[in-house]
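Colleague: Provided below are the primary sequence and the corresponding predicted coordinates.
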Amino acid sequence: MVEDPDGDDIEDGLAADEEVDEDDDDQEKENGGHESAMAPSCSGVTAEVDDKEIIDNIANCDKLNYCLESVSTLTGGMALPKACMVCRQPGHRSDTCTETQLPMIMKAPLKAFEDIDGLHTTLCEYIHVNFRPAVSDLELQKRVETVKAIEEFIQKTIPDAYLTLFGSSRNGFSLEKADLDICLKYRGKDGIDEQMDVRDIIFRVATILDSHSQISDVQPIASAKVPIVKFHHDSFGVDGDISLYNVLAEHNTAMLHAYSCIDERVVRLGAAFKQLVKLCDMGDASRGSLSSYAYVVMLIHYLQQEGVVPVLQKLPPIGHPAGEPLPTRMIDGWNAYYFDDIDRLGEVWPLRGSNKKTLGQLWLGLIDYFSTKFKFDLNVVCIRQMEPLSRLEKMWTSKEINIEDPFELDHNLGTGVSSKMAKYIQSALIKSRNWFLTSPPRAMSTAESDLVDLYRYFMNPRELTSGRPPKDRGCKRCGKIGHWIKDCPVKVNGESNGERRPDRRMCHHCGEVGHLVKDCAKRFQQMRQQCSAAPHPPVRGQHDIARYSTRGVDARNDHLLRESGSPDRAAYGRHQHLLHQNQHPLDSGIMAGVGASAQPPEDGQGFNTVSATTSGAASAQGHHKARKGDRPKG
């Protein structure tokens, strides 16, 4: 309705007293009430009504307000979908994901950590004696000779190369069958220069080792921060890896050995901690977990907090002027200095021997420290200083477990640990703490007769973990990272690069090495015994037998005869005898041998398949004779 300047009401360009024809009104309704593009105005001037005019009017409006106070105004009332970054499933976020939830920490009184009965001290001593045999001079000599033999084999192709042994074989924290950590260098070169192609050298060494008769499972990992070649030495029975100019690692080995000589409890705690890590299957960096070296750094960090060992990198050498800066020892651009005169440690660190806790108390305190006290989400495990080192200071905020290398300060030992593996490690530490604080079901003493039961009770992997470790980053065949399954050196039949290798796969059915459960002969034998002991199926009708024989067995026999080239007359006779006895032939399994033990026809007689019918006892009886070898000739 538009108001006329004269006061009259105007509707659709007509005066109020003007009548509208009914036909025109009906037509307007039929057209949906749409107005024409040209509408007459009151002044007789037509004006174009379109979207452009509306847009222009809005653009020229000074009083147009935008409301941005509510999210629904911008999203139309729709909410963002939730998605978990851990399990990749919709409907929840990572903070509420079940895979990120840690076990509940059991409350325990302080008295529980005192190890009054001495069980945990006995446990650590038992592990140290039985699972961490001291590397004797003879054992160390065998390792050195093995490395020397590998060196001579490599020198046939690379004459200037030589190998040195480092790592757990020399740092004082080795367990039984510890890996061989080997460093490869070139004579006349102190380090890697611009002319060296590290990737090419790694693959070249891998090719050389792959041709060694006593080395298998060769795997080059050139994309790692420290490129290595992993292998298994068959005759020595241990795994090993060769790195190129890993000089800092050699100094790390020497410093860890110095820490192990400060207090005898250090080595015993290291053996127990590494055994726990091994049972929980969370100590192999090649499978996406932490390395054994990283756990030793964690142990030293805890012992520094307890005052068992000092920070060797902060102690001045004997006779160093007071107030002067500490000396430096630059290796590959990093300061590798540490106090190494352990015999005179008391002169620069008066607190040596001040901690009087028992081995069991330190053991329980170690597990409790990293499961409840240390804040992995805030701090970095560090052994070069006593002050806490925050993740923000190191700018290591993307990983859940951060462990600083004591020399190479930008090397995070936890950089290869995925979020799932980090939760698995933290969960295992919490469950281990809760389990160690429980009492055995029966009274156990520290007597030798109870040592095995004591170890089996506390070191039970089912109680220490929440299942198997995640393999989200590893190869689906061997579980190691650094390659896909198509490039896995562990082939289906133990073959690698066309060469026969020892098959070290284990069957989960019989426990033997060399095959998988799907190829287990003992499993097949048990299945056959179960099948033979099973009751016979119900008897079928004559019509079903005749129909099956005509359409199925005869065609199967013809096919098998064509494939084998010679008939199995005895099997066919047994088949016809069963037809006469109203028993399904394949239910008894006799046709499985058709063609397998076939005999040539007698006197050149042919073999024609005869369908079984319901007519004849005589025919069935004749076939029964044929089963006994009495079939008439001619």
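Modeller: Thanks, I have it. Numbers count the residues shown, from 1 in each chain.

Colleague: wait, is S432 part of a helix?
Modeller: Yes: assessed with DSSP: H, G, I helix; E, B strand; the rest coil, S432 lies in a helix.

Colleague: so it makes contact with L276?
Modeller: Yes: if you go by Cβ atoms under 8 Å, S432 and L276 touch, sitting 6.4 Å apart. Where C-beta positions appear, they are placed from N, C-alpha and C, glycine not excepted.

Colleague: quick check: which element contains G346?
Modeller: Using DSSP states H and E, G346 falls within helix 345-348.

Colleague: and the helix or strand following that helix, what's its mean pLDDT?
Modeller: Following helix 345-348 in sequence order, the next helix or strand is helix 359-368 (DSSP H and E). Helix 359-368 comes out with an average pLDDT of 96.

Colleague: now swap in stretch 410-428 and tell me
Modeller: For stretch 410-428, mean pLDDT rounds to 92.

Colleague: list the contacts for Q426?
Modeller: L102, S371, F376, E400, I401 (Cβ atoms under 8 Å, 6 or more residues apart in numbering).

Colleague: next, work out how far apart it and A272 are.
Modeller: Q426 sits 19 Å away from A272, going by Cβ to Cβ, to the nearest Å.

Colleague: now do K357
Modeller: 15 Å.

Colleague: so if I had to pick from those two, which one is more boxed in?
Modeller: Neighbours were counted for K357 and for A272 using other Cβ atoms under 10 Å; A272 has more, 27 against 17.

Colleague: correct me, but the more buried one touches V129?
Modeller: No: contact between A272 and V129 fails when scored by Cβ under 8 Å: they sit 11.3 Å apart.

Colleague: show me where the stretch 151-300 of the chain has its helices.
Modeller: Using DSSP state H, counting those that start in this stretch, the helices found in the stretch 151-300 of the chain span residues 198-210, 247-260, 264-279, 292-306.

Colleague: just to revisit the earlier point, now for the contacts of Q426: which two are most distant?
Modeller: Distance extremes for the contacts of Q426: the farthest pair is S371 and E400 at 14.3 Å, using Cβ to Cβ.

Colleague: check contacts around the residue lying closest to N460 once chain neighbours are set aside.
Modeller: Sequence neighbours aside, W435 is the residue nearest to N460 in space, at 7.6 Å (criterion: Cβ to Cβ, 6 or more residues apart in numbering). For W435, the contact set (Cβ under 8 Å, 6+ apart) comprises F458, N460, E463, L464.

Colleague: part of a helix, is W435?
Modeller: Yes: per three-state DSSP, W435 lies within a helix segment.

Colleague: tell me, how many residues neighbour Y457?
Modeller: Neighbours of Y457 using other Cβ under 10 Å come to 19.

Colleague: does I318 count as helix, strand or coil?
Modeller: coil.

Colleague: now for it, how many residues are close by?
Modeller: I318 has 11 nearby residues by other Cβ under 10 Å.

Colleague: equivalent analysis for D519, please.
Modeller: The tally of other residues near D519 (other Cβ under 10 Å) stands at 13.

Colleague: and if you look at L351?
Modeller: 11.

Colleague: just the one 10 residues further on next, same as before
Modeller: If you count neighbours by other Cβ under 10 Å, Q361 ends up with 19.

Colleague: give me the distance between it and A258.
Modeller: In terms of Cβ to Cβ, Q361 sits 24 Å off from A258.

Colleague: try L303
Modeller: Counting by Cβ to Cβ - L303 and A258 are separated by 13 Å.

Colleague: so between those two, which is more surrounded?
Modeller: More neighbours surround L303 than the other of L303 and A258, with 24 against 19 (other Cβ under 10 Å).

Colleague: state the phi and psi torsions of V513.
Modeller: For V513, the backbone dihedrals (degrees, to the nearest 10) come out as phi -100, psi 140.

Colleague: tell me the bridge partners for it.
Modeller: In this entry, V513 is beta-bridged to M506, by DSSP bridges.

Colleague: which pLDDT value goes with it?
Modeller: 75.

Colleague: that one - how many residues pack around it?
Modeller: Counted with other Cβ under 10 Å, the neighbours of V513 add up to 11.

Colleague: now do the contacts for I403.
Modeller: L290, A294, V297, M298, V380, V381, N412, L413, G414 are the contacts of I403 under Cβ under 8 Å, 6+ apart.

Colleague: surely the second one touches G416?
Modeller: No: with contacts defined as Cβ under 8 Å, A294 does not count as touching G416, sitting 9.8 Å away.

Colleague: give me the common contacts of those two.
Modeller: Contacts common to A294 and G416, judged by Cβ under 8 Å, 6+ apart, are A285.

Colleague: tell me the spacing between the nearest residue to P103 once chain neighbours are set aside and K373.
Modeller: By the measure of Cβ to Cβ, 6+ apart, the closest residue to P103 outside its immediate chain neighbours is I430, 4.8 Å from it. Counting by Cβ to Cβ, the gap from I430 to K373 is 12 Å.

Colleague: more neighbours: the two, which one.
Modeller: Remark: of I430 and K373, I430 carries more neighbours, 21 against 10, as counted by other Cβ under 10 Å.

Colleague: just checking, that one touches L102?
Modeller: Yes: under the criterion of Cβ under 8 Å, I430 makes contact with L102 at 5.9 Å.

Colleague: outline the domain layout of this structure.
Modeller: 2-59, 122-191+245-464, 504-534, 540-627 (automatic domain parsing).

Colleague: distance to D217 and mean pLDDT added to the helices of the stretch 151-300 of the chain, as TSV?
Modeller: Shown next, in TSV, are the helices of the stretch 151-300 of the chain (distance: least, Cβ to Cβ, whole Å; pLDDT from 0 to 100):
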stretch	distance to D217	mean pLDDT
helix 198-210	10	92
helix 247-260	22	92
helix 264-279	19	94
helix 292-306	19	96
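
Colleague: angles on the backbone of P103, please.
Modeller: Dihedral angles (degrees, to the nearest 10) for P103: phi -60, psi 160.

Colleague: residues in contact with it?
Modeller: Contacts of P103 (Cβ under 8 Å, 6+ apart): S427, I430, K431, N434, S466.
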